[in-house]
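Enquirer: Sequence below, structure please.
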Amino acid sequence: MKSLSDHVHSHAAASGLAPSTPLDQASVKDDGAGKYVAIDCEMVGVGEPPSESQLARVSIVSYHGVKLLDTYVRPVMPVTDYRTFVSGIRPHHLRVTGPAISFAEAQKAVADILRGRILVGHALKNDLHALLLTHPGTDIRDTAHWPHYREIARSKTPGLKKLAKAVLGLDIQHGEHDSIDDARIAMDLFKVVKKDWDAHIARGGSKSRPAREVRNATPRLPHPAASKLAA
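Expert: Below is the predicted model:
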C-alpha cells in the first residue's frame, strides 16, 4: 500500500514543484489555479462544552495538488478546545503575534479563489459552514455524496480515510490531520470519477451539494461583533 508521503511526492513531481513545507505563515498562490480547486479546513472548539466549531486553518489546492492557500485563522471567539489530537492546532498557531490571519481575511481569500471555479472536497457542508460561504450547487463536487463511493464504503456518509484506502490504496489520518493532505486526497478521489461526474452534471443531474444553491460565493460575518474581533 502506498504511503501518504509517497503520494505527496508524486503530486510534487507532476507539478514540477517541491512538496509543501510545514505551514508557518499564510501562503497564497492563485495564478493559473485552473478550473478545479479542492478545499479542506481544520476546526477548533469555542464556547462551553459541547463546544461549537470555528475555523482555525484553511487549505486549498489546485487540480494537480499544488498549494494555492494554506493559512491558520484566528477564531472570532475564544478557543476552549484546540482539538489538537485531530486538528493539529496549538495555541501558538492562533496568537495575534503568530502566523494566523483574521477570519475576515481568510474568508475573502477563499471567496476570491472559489469564484467561478468548481469546488472539490469531502463533506463540504462543514467547510463552507465554517467559512460562512456559499457556492453554486452545480459547481460543487463533494466526494462524500458521490453514490458510487457511498456504495463502496457501504455508508451514506463515507469518511475520507475509508475512501482513501478503498479507492486510492492510501492509509491516511493517523492522529493529527493535515488539511493540505486531505484536500489533495479529495481531489484525487474526484479525478477517479471526474468524467462520469461532469457528464452527470451536464445532463442536468442532481446537484452533489449539501446546501442550497446560490449564484456566487458571498461572504458574511459570523457575529455582529465579528468585524471588530476579526480585525
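
Enquirer: got the contact list for the nearest residue to Leu55 once chain neighbours are set aside?
Expert: Distances taken as Cβ to Cβ, 6 or more residues apart in numbering put Ala130 closest to Leu55, at 4.3 Å, once the chain neighbours are dropped. The C-beta positions use only the backbone N, C-alpha and C, and glycine is treated the same way. Going by Cβ atoms under 8 Å, 6 or more residues apart in numbering, Ala130 touches Cys41, Met43, Ser53, Gln54, Leu55.

Enquirer: Provide the secondary structure category for Pro158.
Expert: The local conformation at Pro158, judged by DSSP: H, G, I helix; E, B strand; the rest coil, is coil.

Enquirer: doesn't Ile152 make contact with it?
Expert: Yes. In this structure Pro158 lies within contact range of Ile152 using Cβ atoms under 8 Å: 7.3 Å.

Enquirer: if you count what's nearby, which of the two comes out ahead?
Expert: Ranked by neighbour count (other Cβ atoms under 10 Å), Pro158 and Ile152 place Pro158 first, with 23 against 14.

Enquirer: so what pLDDT did the more buried one get?
Expert: pLDDT, Pro158: 92.

Enquirer: Is the residue nearest the centre of the chain bridged to anything, and to what?
Expert: Centre of the chain computed as the mean C-alpha position; nearest residue by Cα atoms, centre = their mean is Asp40, 1.4 Å away. Note on Asp40: beta-bridge partners by DSSP bridges are Ser59.

Enquirer: That one and His200, how far apart?
Expert: 23 Å (Cβ to Cβ, to the nearest Å).

Enquirer: Just the element for Thr205, please.
Expert: Wrong residue type there; residue 205 is Gly, not Thr. Taking DSSP states H and E as the definition, Gly205 sits outside all helices and strands.

Enquirer: coming back round to it: ok but the residue nearest to Leu55 is inside a helix, no?
Expert: Yes. Looking at Ala130 with three-state DSSP, it is inside a helix.

Enquirer: what packs against the helix or strand hosting Ile152?
Expert: Secondary structure from DSSP H and E places Ile152 in helix 147-153. Helix 147-153 is packed against helix 160-163, helix 179-202, with contacts defined by 3 or more Cβ pairs under 8 Å, 6 or more residues apart in numbering; DSSP states H and E.

Enquirer: which stretch among those comes nearest Pro136?
Expert: helix 179-202 (11.0 Å; Cβ to Cβ).

Enquirer: Show the average pLDDT along that closest one.
Expert: 94.

Enquirer: In that helix, which residues are buried?
Expert: 179-190, 192-194, 197, 201 (16 or more other Cβ atoms under 10 Å).

Enquirer: Report all helices and strands that that helix contacts.
Expert: Against helix 179-202 (3+ Cβ pairs under 8 Å, 6+ apart) you get helix 4-15, strand 36-46, strand 52-62, strand 67-74, strand 118-121, helix 147-153, helix 160-163.

Enquirer: what separates Asp40 from Ala111, distance-wise?
Expert: From Asp40 to Ala111 the distance is 16 Å (Cβ to Cβ).
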